[in-house]
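**Q** Based on what follows, work out the 3D shape:
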Amino acid sequence: MSKVILLNGSPHEKGCTWAALDEMIQVFEKAGVETELIHVGNKDIRGCIACGYCKKNGKCVFNDDLVNAVAPKFEEAHGLVVGSPVYYSSPNGTILSFMDRLFYSTHYSKHMKVGASVVSCRRGGNTATFDVLNKYFTISGMPVASSSYWNQVHGFTAEDVKKDLEGLQTMRNLARNMAFMIKAFSNAKEKYGLPEVERGCRTSFHDGK
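**A** Numbers count the residues shown, from 1 in each chain. Prediction:
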């Protein structure tokens, strides 16, 4: 069975971000996609220090019982949804620290896993936040799922988000598209295999020219 991990980057367990992710979960379950919702935003997550420990030992040096615990789940999953509220036109700092360490410390291939970002805001800063989160996927060979509008909901509380009918519709369409992509990629992998990935060329002009 296909599986999607959803990360709630809000400090509020049942706030606006949760309301958006929960709308997706209901669609995933109807589509036969297993889900696991992980609350990240209320945890004490420090940032990556680029120490290189993970390269030698296969896990992050900071054993905070979350990044290293999610890493094997991410490896097995077919898709990842990361949700965050908008803080100063950017994602919550906690989810950014988590994502930095999760992606930096996991050296397995993420190629063709489907990624999607979800943003909740009261008013502005949504598209800037959306852009930041999507970059984790696009540097990792992860196709990004889109919807019928930018993946965002508006409101100050979960009750507000429930009134954002277009936002909830966007979440449902996003989940449907993501489920379709996961199933299509799985079928294509069995039939054709995954696309070749070239490695080795790195642009670095040490001579200054």
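**Q** List the buried residues of stretch 50-58.
**A** residue 54 (16 or more other CB atoms under 10 Å). For every residue, glycine as well, the C-beta is placed using N, CA and C.
**Q** ok, now stretch 18-29?
**A** Buried-residue list, stretch 18-29, by 16+ other CB under 10 Å: 18, 19, 20, 21, 22, 23, 24, 25, 27, 28.
**Q** If we only consider those residues, which is nearest to residue 151?
**A** residue 20 (8.2 Å; CB to CB).
**Q** Going along the chain, name the strands of the chain.
**A** 3-8, 34-39, 79-87, 90-91, 114-121, 152-154 (DSSP state E).
**Q** mind putting those strands in a markdown table, mean neighbour count, distance to residue 178 and mean pLDDT included?
**A** Shown next, in a markdown table, are the strands of the chain (neighbours: other CB atoms under 10 Å; distance: least, CB to CB, whole Å; pLDDT from 0 to 100):
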| stretch | mean neighbour count | distance to residue 178 | mean pLDDT |
| --- | --- | --- | --- |
| strand 3-8 | 24 | 7 | 98 |
| strand 34-39 | 16 | 11 | 98 |
| strand 79-87 | 26 | 6 | 98 |
| strand 90-91 | 20 | 19 | 98 |
| strand 114-121 | 27 | 5 | 98 |
| strand 152-154 | 22 | 16 | 97 |
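**Q** Check what pLDDT the nearest residue to residue 87 once chain neighbours are set aside gets.
**A** Counting by CB to CB, 6 or more residues apart in numbering, residue 93 is the residue found nearest to residue 87 once chain neighbours are left out, at 6.9 Å. Residue 93 is assigned 97 on the pLDDT scale.
**Q** That concludes my questions; thank you for your assistance.
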